[in-house]
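1. Have a look; sequence and predicted model below, questions after that.
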Amino acid sequence: MGILLPQRTEFYEEVPISTFVVKVASRCNLKCSYCYMYEHPDQTWQEQPNFFDSEMIHILATRLKEYANSRQLKQLLVIAHGGEPLLLGAKKLREFFSIIKDSLQEVETDVGFGLQTNGILVNDDIIDVLQEFDVRAGVSIDGPPEWHDRMRVDHKGNGSFNQVMKGVEKLRNPNNGKSVFGGFLTVANPEIPAQELLSFFINLNTTSMDFLLPDYNFDTFPFDRYPVGTFGRWLSELFDCWLESKTDMEIRKFKTFMKLLMGGKRGYDAIGAFSHGVVVIETDGTYHALDVLKTSYHGATQTGMSLRDHPIKELEKLPLVMALSAKRFSVDQKCLDCRLFDVCGGGYLPHRYSEAKGFNQESLYCQDLMILIDHISSRLSNEL
Ligand code: SF4
């Protein structure tokens, strides 16, 4: 892996890890055609146990406490992820959140919980658990049914839109108590008219969402279908529609670019020169780098380290972990010299991969990012 990733030792910086993505289930009840877990070169999920078990929950809770204490962390975020995390069931999910919360209380670190789901398995017992631990559930959806159902299908190929929306409704309007809905994650699709897509989400009354650039790399991107700049122009149009709608729905990508353009320092893993550290923990308790790197090659996320044998602090030294937080450490010279680097951060690491060059190049979305960032910048100058 070392040769695939540029390593600029002058920018070496051990950034505290504050986000822990825990694969509580390694399988999924859907079979989305673009899924980075199952439909790409990395197939390590096949070797993983189906679930994160009780023993692992206890070891994780102890490791988090030890790390929070050593780093004097005031806060950290634990995201229950998969596969589909709700396959774990309400009883085990309660155990997961409760043991971690109790452990971190002993060192006075606030723990925030999140969960990313396809929404299909939401029921009253799950809602009770999410309410009890103040967990916001983010739901993945790709827009109106005629678009969503093309890619987000079950194992028989049937679209999932109606089932997903039933789950969203339960999260937003539970039989008892407050909403536990956290917002939508949507894969950007320039084939959907920008205004139509934005109106769809505004009509769902969501307060926050994000549009993710599709997880292609240089070897897999369909350049014929999407000429260079397609995503940048489409996202710029979406930005204009969003600004002009005066909606209070927050779009994380746009909000973060605006913040960085106005001098903010920290973005997130896909945006900006700095981000909070993030690691992934698989169901067998092994530590991994960002899961979307599974689109690169088999074994791309492996660190060779595990909850059982290694304190979390040791992960801060790993180039693959640093590459997502102190981004100067591992970008191509072209990005380092780029006028937009502080805002862009070189693009999302998985989008910089090709078999020929590893991660030694700019993002495959470089032109798109330039178009979008320049567009937001010029709109901000005109508005201010
Ligand atoms: S816009 Fe392109 S060259 Fe500039 S930092 Fe981003 S990916 Fe690198």
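-> That came through, no problem.
2. Let me know the secondary structure of the closest residue in space to D53 that isn't next to it in sequence.
-> Counting by Cβ to Cβ, 6 or more residues apart in numbering, the nearest residue to D53 once its immediate chain neighbours are dropped is T283, at 7.9 Å. Where you see a C-beta, it was placed from the backbone N, CA and C, and this is true even at glycine. When states are read from DSSP: H, G, I helix; E, B strand; the rest coil, the local structure at T283 comes out as coil.
3. Let me know the pLDDT of T283.
-> The pLDDT attached to T283 in the predicted structure is 97.
4. where does it sit relative to M370, distance-wise?
-> In this structure, T283 and M370 are 39 Å apart, going by Cβ to Cβ, to the nearest Å.
5. got it, and A273?
-> Looking at A273 against M370, where the rule is Cβ to Cβ, the gap reads 16 Å.
6. ok, those two, which is more surrounded?
-> Neighbours around A273 and M370, counted as other Cβ atoms under 10 Å, are more numerous at A273. The numbers are 21 against 17.
7. Who are the contact partners of that one?
-> Residues in contact with A273 (Cβ atoms under 8 Å, 6 or more residues apart in numbering) are 265, 267, 327-328, 341-343, 345.
8. Kindly recompute the last result at 10 Å.
-> A273 makes contacts with 11, 260, 265-267, 325-328, 331, 335, 341-346, as judged by Cβ atoms under 10 Å, 6 or more residues apart in numbering.
9. do the same with F274
-> Contact analysis of F274 by Cβ under 10 Å, 6+ apart lists 13, 15, 260, 264-268, 325-328, 342, 345.
10. related to what we said a few turns ago, emit the PyMOL select command for whichever of the contacts of A273 are buried.
-> Restricted to buried positions by 16 or more other Cβ atoms under 10 Å, the PyMOL selection for those reads:
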select buried, resi 260+267+325+326+327+328+331+335+341+342+343+344+345+346
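11. For the ligand, tell me which of the contacts of A273 show up nearby.
-> Filtering the contacts of A273 for neighbours of the ligand using Cβ under 6 Å from any ligand atom leaves 335, 341, 344, 346.
12. can you pull the buried residues of the helix or strand harbouring the first one?
-> Spelled out, that is C335. Applying DSSP states H and E as the criterion places C335 in helix 333-336. For helix 333-336, the buried set under the neighbour-count rule, 16+ other Cβ under 10 Å, comprises C335.
13. Run a quick neighbour tally on S140.
-> The number of residues near S140, taken as other Cβ under 10 Å, comes to 21.
14. Mind telling me which residue of the stretch 101-250 of the chain is nearest the ligand?
-> Nearest residue of the stretch 101-250 of the chain to the ligand (Cβ to the nearest ligand atom) works out as G232 at 10.0 Å.
15. which one among the contacts of F274 gets closest to G89?
-> Proximity of those to G89 (Cβ to Cβ) peaks at Y268, which lies at 30.0 Å.
16. Next, the closest one: phi, psi?
-> Taking degrees, to the nearest 10, you get phi -140, psi -170 for the backbone angles of Y268.
17. so who does the nearest residue to it once chain neighbours are set aside touch?
-> Closest residue to Y268 in three dimensions, ignoring its sequence neighbours and counting by Cβ to Cβ, 6+ apart: S275, at 5.1 Å. For S275, the contacting residues are 15, 18-19, 256, 265-269, 324-327, 345, by Cβ under 10 Å, 6+ apart.
18. Check the spacing between S275 and K253 real quick.
-> With the distance defined as Cβ to Cβ, S275 ends up 14 Å from K253.
19. pretty sure D215 contacts H351?
-> Yes - between D215 and H351 there is a contact at 7.4 Å, judged by Cβ atoms under 10 Å.
20. Tell me which of those two has more neighbours.
-> Looking at D215 and H351 with other Cβ under 10 Å, you find the greater number of neighbours at H351, namely 26 against 20.
21. Excluding covalently adjacent residues, which one is nearest to that one?
-> Nearest in space to H351, with sequence neighbours left out and distances taken as Cβ to Cβ, 6+ apart, is S363 at 4.6 Å.
22. which residues are contacting the worst-scoring helix or strand of the chain on mean pLDDT?
-> Taking mean pLDDT, DSSP states H and E as the measure, helix 145-151 is the helix or strand of the chain with the lowest mean score, a mean of 91. Helix 145-151 is touched from outside by 30-35, 140-143, 152, 157-162, 164-165, 186-187, 189, 191-192, 196-197, 200, with contacts defined as Cβ under 10 Å, 6+ apart.
23. Now intersect those residues with the strands, please.
-> Residues from these lying in strands, with DSSP state E as the criterion: 140, 186-187.
24. list residues touching both of D215 and H351?
-> By the contact definition Cβ under 10 Å, 6+ apart, D215 and H351 are jointly contacted by 292, 295.
25. Show me what from the stretch 251-384 of the chain comes close to the ligand.
-> Close to the ligand, as judged by Cβ under 6 Å from any ligand atom, the stretch 251-384 of the chain has residues 334-335, 338, 340-341, 344, 346-347, 362-363, 366, 369-370.
26. So which of the residues you listed are in helices?
-> Taking DSSP state H, the ones among those that sit in helices are 334-335, 341, 344, 366, 369-370.
27. hey, where'd the strands end up in the protein?
-> Counting by DSSP E, the segments of the chain that form strands are 17-23, 75-81, 110-117, 136-140, 181-187, 208-212, 250-251, 277-281, 286-288, 302-306.
28. Can you convert these into CSV and add a column each for distance to L64?
-> Supplementary listing: the strands of the chain in CSV, determined by distance: least, Cβ to Cβ, whole Å:
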stretch, distance to L64
strand 17-23, 7
strand 75-81, 7
strand 110-117, 8
strand 136-140, 19
strand 181-187, 21
strand 208-212, 26
strand 250-251, 28
strand 277-281, 10
strand 286-288, 13
strand 302-306, 14
